[in-house]
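S.K.: All I have is the shape, not the residue letters:
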């Protein structure tokens with residue numbers, strides 16, 4: 001069976017003839033020695049105004065192939081654009097993010113669509129950077145965290161969180177979560193994300209005791225105006241009332257087994273998992289490596305931020321605060337990090 005070659009004009013004429021004779025897709029596929037899906041895609045993609053005519057289908061397919069070649073060459077033949085694309089792909093940016101950045105931010109460089117960048121990477125001109133593309137992970141049903149969900153006294157559930165927090169119009173609302181080591185591994189990652197800017201804080205910890213977690217959260221968010229923190233029912237947050245006093249803010253809990261209620265941090269965790277695979281022993285990684293991952297997430301072009309980076313938006317929000325001394329301290333901390 002011929003699965004991969006393009007349809008030729010002879011085959012297209014036969015498809016046109018058999019469609020007029022009202023033959024089924026399965027029957028046409030059998031006669032042409034093609035898969036049913038290939039015949040179906042050919043008719044769907046190369047029909048014109050709902051009708052399949054062989055010569056028009058041939059012309060339409062030819063134009064698409066030429067457009068694909070032009071997309072590839074658009075990046076390959078422009079030195080500045082090619083350099084920008086290669087640099088950012090190697091920096092783990094996505095083709096969509098690079099395209100958006102070119103359109104909305106980088107006005108001095110020629111624009112290329114995400115599709116054109118993908119075509120360039122798949123071509124001989126850009127194949128050397130293909131390994132930097134992240135493949136899409138297969139979606140799995142969410143599993144229960146090991147030893148995570150317990151009954152915690154005095155919780156304020158997310159239902160009581162003000163609606164304005166959901167809209168992300170206000171800076172200073174955070175989400176918190178842990179990334180676990182594999183079954184026989186040691187240590188965890190504490191991840192905090194500011195909802196409006198998607199700015200992350202990532203730190204490794206071996207000790208998941210309540211006191212240590214509270215101290216780490218306080219240290220990470222020191223000097224930053226915090227308006228709320230949303231977390232899950234992890235045993236490490238059992239002393240949430242003390243943490244609430246330390247941060248001088250309200251802490252909200254998601255309902256058990258409802259990770260969708262803190263989608264911001266769940267999304268960031270998926271990106272972290274590109275660098276730290278599931279079942280990994282986190283104690284094998286250096287602190288410098290986790291700092292690198294943190295920087296990658298902070299400097300990632302994001303469509304939801306109009307293709308700016310979390311770092312850019314976070315610094316802008318910090319400068320809006322009415323505490324100039326604190327702004328300077330935070331700015332200095334960001335530069336050091």
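M.R.: Everything's here; your move. Please read these numbers as outputs of a predicted model, since none were measured by experiment.

S.K.: Which other helices and strands does the longest helix along the chain contact?
M.R.: Counting residues, the longest helix found in the chain (DSSP state H) is helix 54-76. With contacts taken as 3 or more C-beta pairs under 8 Å, 6 or more residues apart in numbering; DSSP states H and E, helix 54-76 sits against helix 9-20, helix 36-46, helix 79-90, helix 114-122. C-betas here are computed from N, CA, C, even on glycine.

S.K.: Quick check: which of the ones you listed is nearest to residue 66?
M.R.: Across those, the minimum distance to residue 66, taken as C-beta to C-beta, is reached by helix 114-122, at 12.1 Å.

S.K.: got the buried residues for that closest one?
M.R.: Going by neighbour count (16 or more other C-beta atoms under 10 Å), the buried part of helix 114-122 is 116, 117, 118, 119, 120, 121.

S.K.: got a pLDDT number for the fifth one?
M.R.: Looking at residue 120, its pLDDT reads 88.

S.K.: correct me, but it touches residue 126?
M.R.: Yes: in this structure residue 120 lies within contact range of residue 126 using C-beta atoms under 8 Å: 4.4 Å.

S.K.: Mind jotting down where the strands sit in the chain?
M.R.: 173-180, 188-194, 199-205, 228-231, 250-253 (DSSP state E).

S.K.: May I see those organised as a markdown table, with distance to residue 261, mean pLDDT and mean neighbour count added?
M.R.: Written out in a markdown table, the entries for those read as follows (distance: least, C-beta to C-beta, whole Å; pLDDT from 0 to 100; neighbours: other C-beta atoms under 10 Å):
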| stretch | distance to residue 261 | mean pLDDT | mean neighbour count |
| --- | --- | --- | --- |
| strand 173-180 | 9 | 95 | 23 |
| strand 188-194 | 14 | 96 | 22 |
| strand 199-205 | 18 | 96 | 21 |
| strand 228-231 | 8 | 96 | 23 |
| strand 250-253 | 9 | 95 | 21 |
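
S.K.: Pipe the ones you listed into CSV and attach distance to residue 287 per row.
M.R.: Rendered in CSV, the data for these read as follows (distance: least, C-beta to C-beta, whole Å):
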stretch, distance to residue 287
strand 173-180, 15
strand 188-194, 11
strand 199-205, 6
strand 228-231, 23
strand 250-253, 27
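
S.K.: so where's the chain shaky on pLDDT?
M.R.: Across the chain, residues meeting the criterion (pLDDT under 70) sit at 1-4, 68-72, 135-150, 322-337.

S.K.: tell me, what residue is most central in it?
M.R.: residue 271 (5.7 Å; C-alpha atoms, centre = their mean).

S.K.: quick one, what contacts that residue?
M.R.: For residue 271, the contact set (C-beta atoms under 8 Å, 6 or more residues apart in numbering) comprises 297, 300.

S.K.: can you pull out the helices in the stretch 101-250 of the chain?
M.R.: Along the stretch 101-250 of the chain, the stretches classed as helices by DSSP state H, counting those that start in this stretch are 114-122, 163-166, 210-220, 240-247.

S.K.: how far does the longest helix of the chain sit from the chain's center?
M.R.: Relative to the chain's own centre, helix 54-76 is displaced by 30 Å; criterion: C-alpha atoms, centre = their mean, to the nearest Å.

S.K.: Any idea which of the helices of the stretch 101-250 of the chain gets closest to residue 260?
M.R.: Of all those, helix 163-166 sits nearest to residue 260, with 12.5 Å by C-beta to C-beta.

S.K.: Please enumerate residues in contact with that closest one?
M.R.: Outside helix 163-166, the residues within contact range by C-beta under 8 Å, 6+ apart are 170, 173, 195, 227, 228, 230.

S.K.: just stretch 282-297 next, same as before
M.R.: When contacts are taken as C-beta under 8 Å, 6+ apart, the neighbours of stretch 282-297 outside the stretch itself are 91-92, 179-181, 185-189, 200-204, 206, 268, 271-272, 275-276, 310, 337.

S.K.: 6 Å instead?
M.R.: With contacts defined as C-beta atoms under 6 Å, 6 or more residues apart in numbering, stretch 282-297 is touched by 92, 181, 185, 186, 187, 200, 202, 204, 271, 275.

S.K.: Stretch 79-93 too?
M.R.: Applying C-beta under 6 Å, 6+ apart, the contact partners of stretch 79-93 are 75, 98, 109, 110, 112, 117, 129, 132, 296, 301.

S.K.: how deep is the last one tucked in, by neighbour count?
M.R.: To tie it back to what came earlier, the one meant is residue 301. By the measure other C-beta atoms under 10 Å, the count of residues near residue 301 is 25.

S.K.: how much space between it and residue 12?
M.R.: With the distance defined as C-beta to C-beta, to the nearest Å, residue 301 ends up 41 Å from residue 12.

S.K.: for residue 157, same thing?
M.R.: Distance, residue 157 to residue 12, using C-beta to C-beta: 61 Å.

S.K.: Those two - which one has more neighbours?
M.R.: The residue with the greater number of neighbours, taking residue 157 and residue 12 and applying other C-beta under 10 Å, is residue 12; the counts read 21 against 12.

S.K.: Identify the residue nearest the more buried one in space, chain neighbours excluded?
M.R.: Of all residues not flanking residue 12 in the chain, residue 54 sits nearest, at 4.0 Å (C-beta to C-beta, 6 or more residues apart in numbering).
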